[in-house]
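Asks: with the input below, show me the fold.
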Amino acid sequence: MVRAQTIYASLRTCDDASVDQAIAAAMPTVHVADMPEVVQVAIYRHRPESLSSLVTHFHRMPASIQGAVVSQAARLDAELRQAFQNRQTQTAVNALKIIQRSRAYRLAYLVSDQLTHDRPALHRAASECLHALTDGMNSSQEPSSNQSAQVRFLIEAVENAASHYEKHAQTEVITSLLSLSRRLSPAARQIFDHPRRPAVVVAQQLLAQPTDPAALRSILPSLAVTSLAPAARLGLHRAVTERGLEIFLLDSHLLLVPAISRSLAHVNHPYHMLPGGIPGALPGALPGAGVGAEKALSPQALQGLPRWIAALPLPPKDQAKAWADLAGAEDPLVRSSALRCLFQAAAASDDPEYLSAIAVYTAGSDPDLARIALRYLIRCSWSGLDALISKLLQSPFPHVVELAQARLAAVGFDRLWRSWPKLSAAQRLASGAAAIRLVPTFFSQLGAKLAAADRAEQLRALAVVQELNQGQVFERLLLRLSRHKDDVIASSAVGALGAVGSIESLVALEAALNHTNARVRANAVEALEKLRSQRHLSRLRQMAQHDHARPRANAIHTLLRKHPADAICLLNTMLTDKRTQHRLSALWLVESAGALDVAHQVGAMSINDPDLKVRLRARDVMANLIARLRQSAHPHMASTTSA
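Replies: Model (predicted):
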């Protein structure tokens with residue numbers, strides 16, 4: 001044994017060509033026990049004659065020794081090419097097996113040549129070799145940059161072999177071509193341009209009755225080929241019914257190809273293309289879903305389900321529900337993908353079902369998606385947003401609550417602001433009180449309106465402040481506006497100061513009693529009366545005699561409470577004033593104050609006043625006074641009438 005090892009060692013380094021001739025001559029008869037050493041010597045010497053013998057007698061070697069030869073395939077390119085040239089069938093078959101087992105994609109053209117040449121004895125082995133090479137490539141990871149050229153060699157070889165299908169008639173070649181359909185060149189796709197071509201007919205048969213794993217994997221890519229799409233859809237339906245969705249959902253990224261997704265949209269029985277049960281989904285199955293042997297989807301397959309649903313020709317209601325059911329999926333990628341699909345569908349359609357499905361995600365377990373979904377619905381002004389906002393105020397997610405409050409603030413104030421002129425006094429009080437309680441930014445928004453440059457906005461804001469009795473909140477701003485050069489704004493600000501009561505506001509109101517504008521003075525009198533101030537009575541007496549109609553009436557109105565005897569005299573004087581507007585203001589004061597002491601004079605005015613407008617107004621006031629007298633004389637009758 002030691003002597004044999006010495007001989008093999010010396011043969012490795014011997015330069016004599018006769019050694020290689022001896023190895024080639026001995027290879028057919030060498031004993032199995034000695035074959036490993038002989039093969040190692042041939043590999044080490046790396047001479048053409050000895051290497052060729054390895055290919056020629058490959059079929060005689062045990063599996064372990066064949067593995068050693070296959071591992072050296074990268075050094076056998078010349079010998080493998082020579083094996084196909086010597087016209088010995090077994091040697092060529094050996095070469096095909098070495099190429100197949102070593103995945104020598106760069107030599108795939110040699111395999112293809114055996115199918116295009118007139119060597120029928122090699123057609124079967126060559127087609128099996130190509131099929132095994134394509135299976136190996138499809139099952140491996142995406143090739144690296146240094147491998148991509150070799151992969152391209154294989155694709156070109158399969159394309160070449162398929163184009164000569166009429167010559168070799170090997171079904172495995174068409175199967176290999178279908179499995180590579182997502183990688184084929186535009187020129188190779190021309191093979192399928194003629195539906196009656198034998199290769200196309202075989203491809204249609206393989207797709208319609210998919211049993212081979214390669215045919216199953218080729219169904220989705222084949223949807224993009226016009227001549228193969230009907231058969232691919234038929235095979236898809238059968239495969240889903242018998243095997244489930246798993247294999248197709250794992251390839252759902254192919255649906256990003258527009259031609260594939262468009263073809264899938266023509267599939268029959270789309271409900272059969274949905275899983276019967278979605279792990280972790282919300283309850284509620286779609287009609288007819290999951291027909292067939294559907295198994296539980298793996299997490300990886302489930303990630304492709306949202307895109308799959310998007311491609312199916314489902315009615316908007318059912319499609320939206322299928323995505324909504326995924327709101328409870330455990331995988332965040334599934335939830336986010338489904339929500340993204342809903343956004344895309346809602347943007348492309350006016351159907352409200354998609355927005356309703358998006359609303360489901362606001363109540364899901366993912367705070368980020370809940371916030372994103374709510375933002376989208378706010379942006380779209382969804383019709384059900386108000387009801388949703390009221391629910392989300394109780395959300396367990398702080399950011400969602402903040403967003404809901406912000407929306408409520410914006411919508412609540414804006415709605416009150418727009419409708420304010422149309423509301424009655426009671427409605428204004430009720431709506432305003434609710435807005436103050438529920439809208440966190442009510443005062444900041446109202447303050448912004450008070451400080452606005454737009455005159456109409458300022459006046460409406462002042463009216464809101466005054467009617468809701470919120471002058472104290474805006475005292476500084478009201479004090480500044482009470483000195484505004486616009487008399488209407490100044491008078492409104494003065495009126496709103498009647499709810500403040502601070503020393504500064506009293507001083508401002510007393511100063512307003514001397515304002516040049518009668519409206520400002522009149523509002524100042526009303527505001528001071530609300531505050532029950534006693535420091536301006538002398539000024540009120542002056543105003544009750546010599547001011548404009550409205551501030552004069554307001555001044556007398558205040559004096560009626562403080563000095564009724566003097567006020568009645570001043571009121572009698574105003575009722576007999578020569579100016580029509582003063583008499584009308586005096587009648588307003590009689591009615592509002594219920595001044596029965598001057599009822600006889602009002603009655604006379606309803607008959608004798610020279611102005612028709614005054615006479616009519618006096619009649620109305622007199623009727624109201626009589627009604628008050630009756631009410632005070634028979635209060636039980638008034639209460640019965642009221643009831």
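Asks: can you give me the helices in the stretch 451-600 of the chain?
Replies: Secondary structure of the stretch 451-600 of the chain, counting by DSSP state H, counting those that start in this stretch: helices at 455-467, 475-481, 487-496, 503-512, 518-531, 537-546, 549-562, 564-575, 580-593, 599-608.
Asks: any idea how far the last one is from the chain center?
Replies: For helix 599-608, the distance between its averaged C-alpha position and the chain's averaged C-alpha position is 74 Å (CA atoms, centre = their mean, to the nearest Å).
Asks: what mean pLDDT does it have?
Replies: Helix 599-608 carries an average pLDDT of 84.
Asks: what of the fourth one?
Replies: Confidence over helix 503-512, taken as the mean pLDDT, stands at 81.
Asks: and that helix, what's buried?
Replies: 505-506, 508-509, 512 (16 or more other CB atoms under 10 Å). Every C-beta, even on glycine, is put in place using the N, C-alpha and C of the backbone.
Asks: other SSEs contacting it?
Replies: helix 475-481, helix 487-496, helix 518-531 (3 or more CB pairs under 8 Å, 6 or more residues apart in numbering; DSSP states H and E).
Asks: show me the contacts for A327.
Replies: A327 is in contact with 282, 335, 338-339, 360-361, 364, 369, counting by CB atoms under 8 Å, 6 or more residues apart in numbering.
Asks: what about the strands in the stretch 151-300 of the chain?
Replies: Applying DSSP state E, counting those that start in this stretch to the stretch 151-300 of the chain gives no strands.
Asks: which stretches in it count as helices?
Replies: Using DSSP H, counting those that start in this stretch, helices in the stretch 151-300 of the chain cover 165-168, 171-179, 186-189, 198-208, 213-222, 229-243, 246-249, 258-264, 299-302.
Asks: now those in JSON lines, with mean neighbour count?
Replies: Listed next are the helices of the stretch 151-300 of the chain as JSON lines, based on neighbours: other CB atoms under 10 Å:
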{"stretch": "helix 165-168", "mean neighbour count": "17"}
{"stretch": "helix 171-179", "mean neighbour count": "26"}
{"stretch": "helix 186-189", "mean neighbour count": "12"}
{"stretch": "helix 198-208", "mean neighbour count": "21"}
{"stretch": "helix 213-222", "mean neighbour count": "23"}
{"stretch": "helix 229-243", "mean neighbour count": "20"}
{"stretch": "helix 246-249", "mean neighbour count": "20"}
{"stretch": "helix 258-264", "mean neighbour count": "18"}
{"stretch": "helix 299-302", "mean neighbour count": "17"}
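Asks: nearest to V111, out of the ones you listed?
Replies: helix 171-179 (10.2 Å; CB to CB).
Asks: can you give me the angle the closest one makes with helix 198-208?
Replies: For helix 171-179 against helix 198-208, the angle by axes from the mean of the first three to the mean of the last three CA atoms, to 10 degrees is 70 degrees.
Asks: now do helix 171-179: which elements does it pack against?
Replies: When contacts are defined as 3+ CB pairs under 8 Å, 6+ apart, helix 171-179 packs onto helix 120-139, helix 145-163, helix 198-208, helix 213-222.
Asks: let's test this: name the helix or strand in this structure with the lowest mean pLDDT.
Replies: One helix or strand of the chain scores below all others by mean pLDDT, DSSP states H and E: helix 635-642, with a mean of 40.
Asks: any low-confidence regions in the stretch 1-150 of the chain?
Replies: For the stretch 1-150 of the chain, the stretches with pLDDT under 70 are 1-13, 15-17, 19-20, 45-46, 140-147.
Asks: check the stretch 401-550 of the chain too.
Replies: For the stretch 401-550 of the chain, the ranges with pLDDT under 70 are 408-409, 427, 430-431, 434, 533-538, 540, 544, 547.
Asks: again, but for the stretch 201-350 of the chain
Replies: Using pLDDT under 70, the stretch 201-350 of the chain drops low at 276-295.
Asks: gap between Y165 and S176?
Replies: According to CB to CB, to the nearest Å, Y165 and S176 sit 11 Å apart.
Asks: report the central residue of this protein.
Replies: Centroid-nearest residue in the chain, with CA atoms, centre = their mean: F343, separated by 3.8 Å.
Asks: helices or strands next to whichever strand or helix holds that one in the packing?
Replies: Per DSSP states H and E: F343 is located in helix 332-348. Contact analysis of helix 332-348 by 3+ CB pairs under 8 Å, 6+ apart lists helix 305-311, helix 316-325, helix 352-361, helix 367-380 as its packing neighbours.
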